[in-house]
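Visitor: missing the sequence, but the structure's below:
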């Protein structure tokens, strides 16, 4: 606007002033963290950095952007187009399973208008990365496992994440293939494994108790879960077959045995599963059967000993077994069964009957006769017998030899001189 200060004066001097105004606007950079899983722990104070470029100017860095405080840049020429970039953020997350996803930018490029504020919002998503593991089963042993691929082995796992949750559970693992948990495991979790082995019916051929599990070995012993990967774990179950020994010992108890220490006695054993046989043993000796499956129950029986092994005055009694006639085989040990055969003395008696023959009417009534008997075992006596009476010795060992004699009867035992004693009978043995 011109002001005529010399109006009406055609010769007056006039001064004109022109003012040019520079049109500018403002760029506002705002921060949003998208965190549906609660993995962001940076709060409102964590700084984010990046650059902005407006028009042909060089990029300008910023480093004070937070979720609470945007970065504001004033004095940008109106009409300039501004773009914003961000350095990938680090830190500010709860644990190793969380990561920063790709940032998104809304409102750019931002065109600056005079006297106005253009806003570019940077949104950083927080994502949780996961992975998993698989467990495979291997059986190793000397042969005899018959459980097949249907046998289930429970394997427990525990996956601990520093600053995060612990995942745990049990997998039913078979030799048919590797098994993984149903749910993913947070990345960075360290997983360890345990297994409790117990023999089940059907694990081993014939349910033979000599087989036993010896342990589980995990390879590797632990795994760290990676992002989008499946760690492989192999658990090897080992088993073994144990053996023991059965010793059969012999004792002869009593007198009359004539066999010395010769192996005169036969004992049969039966440990089931077709494991049977016999051994011969002598008095005071023993015989050992080796490589018997541990846990087998063995029964023993002895053939009746030969009669001719004894003095005729003895017989075999009933054998006894100590501690019994059955035994369970113990792994890497010896069980002993001892059979004792008693010898029993057998006895007989000698009976002497007095008979008077001939003219018995000449015998004085009430007459007794003295009949001595003497035996090789030291027994001796004199029977005093009337006609028809019998004298009997006590029990004498079989084989004892006894001699029977008679004292010459007296003539006084006859009623008169018309009678006389005939010759005595011969000595009897």
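Guide: Perfect, I can see it now. Here the structure is a predicted model, which is why all the values come from computation and not from measurement.
Visitor: In the stretch 251-400 of the chain, what residue spans correspond to strands?
Guide: In the stretch 251-400 of the chain, the strands defined using DSSP state E, counting those that start in this stretch lie at 265-270, 276-281, 286-293, 297-302, 314-316, 320-322, 326-328, 334-345, 347-348, 351-353, 369-375, 380-385, 390-392, 396-397.
Visitor: Would you reformat these as a markdown table and include mean pLDDT?
Guide: Output for those, formatted as a markdown table (pLDDT from 0 to 100):
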| stretch | mean pLDDT |
| --- | --- |
| strand 265-270 | 98 |
| strand 276-281 | 98 |
| strand 286-293 | 97 |
| strand 297-302 | 98 |
| strand 314-316 | 96 |
| strand 320-322 | 98 |
| strand 326-328 | 97 |
| strand 334-345 | 97 |
| strand 347-348 | 88 |
| strand 351-353 | 94 |
| strand 369-375 | 94 |
| strand 380-385 | 94 |
| strand 390-392 | 95 |
| strand 396-397 | 88 |
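Visitor: any chance of those in JSON lines, with distance to residue 218 too?
Guide: C-beta: built from backbone N, CA, C; applies to glycine. Output for the strands of the stretch 251-400 of the chain, formatted as JSON lines (distance: least, Cβ to Cβ, whole Å):
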{"stretch": "strand 265-270", "distance to residue 218": "43"}
{"stretch": "strand 276-281", "distance to residue 218": "42"}
{"stretch": "strand 286-293", "distance to residue 218": "30"}
{"stretch": "strand 297-302", "distance to residue 218": "36"}
{"stretch": "strand 314-316", "distance to residue 218": "62"}
{"stretch": "strand 320-322", "distance to residue 218": "48"}
{"stretch": "strand 326-328", "distance to residue 218": "34"}
{"stretch": "strand 334-345", "distance to residue 218": "37"}
{"stretch": "strand 347-348", "distance to residue 218": "76"}
{"stretch": "strand 351-353", "distance to residue 218": "89"}
{"stretch": "strand 369-375", "distance to residue 218": "86"}
{"stretch": "strand 380-385", "distance to residue 218": "90"}
{"stretch": "strand 390-392", "distance to residue 218": "88"}
{"stretch": "strand 396-397", "distance to residue 218": "76"}
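Visitor: nearest to residue 94, of the ones you listed?
Guide: Among the strands of the stretch 251-400 of the chain, strand 286-293 comes nearest to residue 94, with 57.6 Å by Cβ to Cβ.
Visitor: Just want the phi and psi numbers for the residue lying closest to residue 201 once chain neighbours are set aside.
Guide: Computed as Cβ to Cβ, 6 or more residues apart in numbering, the closest residue to residue 201 that is not its neighbour in sequence is residue 207, at 5.9 Å. With angles defined as degrees, to the nearest 10, residue 207 sits at phi 50, psi 40.
Visitor: swap in the one 5 residues further on?
Guide: Per-residue torsions, residue 212: phi -160, psi 150 (degrees, to the nearest 10).
Visitor: quick revisit: any chance of the strands of the stretch 251-400 of the chain in a markdown table, plus distance to residue 423 and mean neighbour count?
Guide: Conversion of the strands of the stretch 251-400 of the chain to a markdown table gives the following (distance: least, Cβ to Cβ, whole Å; neighbours: other Cβ atoms under 10 Å):
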| stretch | distance to residue 423 | mean neighbour count |
| --- | --- | --- |
| strand 265-270 | 55 | 19 |
| strand 276-281 | 59 | 16 |
| strand 286-293 | 63 | 16 |
| strand 297-302 | 57 | 17 |
| strand 314-316 | 40 | 19 |
| strand 320-322 | 57 | 14 |
| strand 326-328 | 69 | 17 |
| strand 334-345 | 39 | 17 |
| strand 347-348 | 30 | 12 |
| strand 351-353 | 18 | 13 |
| strand 369-375 | 15 | 17 |
| strand 380-385 | 19 | 15 |
| strand 390-392 | 22 | 12 |
| strand 396-397 | 29 | 18 |
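Visitor: Nearest approach to residue 424 belongs to which of these?
Guide: Closest among the strands of the stretch 251-400 of the chain, using Cβ to Cβ: strand 369-375, at 10.5 Å.
Visitor: quick one: residue 89 and residue 100 touch, right?
Guide: Yes. Using Cβ atoms under 8 Å, residue 89 makes contact with residue 100 at a distance of 5.1 Å.
Visitor: Tell me which of those two has more neighbours.
Guide: A count of neighbours by other Cβ atoms under 10 Å puts residue 89 above the other of residue 89 and residue 100, at 21 against 18.
Visitor: what sits against that one?
Guide: Residues near residue 89 by Cβ atoms under 8 Å, 6 or more residues apart in numbering: 46, 48, 100, 124.
Visitor: from these, which ones fall inside strands?
Guide: If you go by DSSP state E, the contacts of residue 89 have 48, 100, 124 in strands.
Visitor: Out of the residues you listed, flag the one nearest to residue 367.
Guide: Relative to residue 367, the closest of the ones in strands among the contacts of residue 89 is residue 100; by Cβ to Cβ it sits at 141.4 Å.
Visitor: residues contacting that closest one?
Guide: If you count contacts by Cβ under 8 Å, 6+ apart, then residue 100 has 88, 89, 90, 93, 124, 125, 126, 127 around it.
Visitor: For ChimeraX, what selects the buried ones among these?
Guide: Buried members of the contacts of residue 100, defined by 16 or more other Cβ atoms under 10 Å, are picked up in ChimeraX with:
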select :89,93,124,125,126,127
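Visitor: Distance to residue 72 and secondary structure added to the contacts of residue 100, as a markdown table?
Guide: Converted to a markdown table, those look like this (distance: Cβ to Cβ, whole Å; DSSP: H, G, I helix; E, B strand; the rest coil):
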| residue | distance to residue 72 | secondary structure |
| --- | --- | --- |
| 88 | 23 | coil |
| 89 | 20 | coil |
| 90 | 25 | coil |
| 93 | 27 | strand |
| 124 | 19 | strand |
| 125 | 24 | strand |
| 126 | 25 | strand |
| 127 | 30 | strand |
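Visitor: Closest to residue 257 out of the contacts of residue 100?
Guide: residue 93 (92.4 Å).
Visitor: How about that closest one: what's its closest non-neighbour residue?
Guide: Counting by Cβ to Cβ, 6+ apart, residue 39 is the residue found nearest to residue 93 once chain neighbours are left out, at 5.4 Å.
Visitor: And for residue 102?
Guide: That would be residue 125: by Cβ to Cβ, 6+ apart, it lies 7.6 Å from residue 102.
Visitor: go on, residue 97?
Guide: Per Cβ to Cβ, 6+ apart, closest to residue 97 is residue 186, 3.5 Å.
Visitor: got the domain boundaries for the chain?
Guide: Following automatic domain parsing, one gets these domains for the chain: 24-128, 130-241, 244-345, 348-413.
Visitor: gap between the two ends of the second one?
Guide: In this case it means domain 130-241. 43 Å (Cα to Cα, to the nearest Å).
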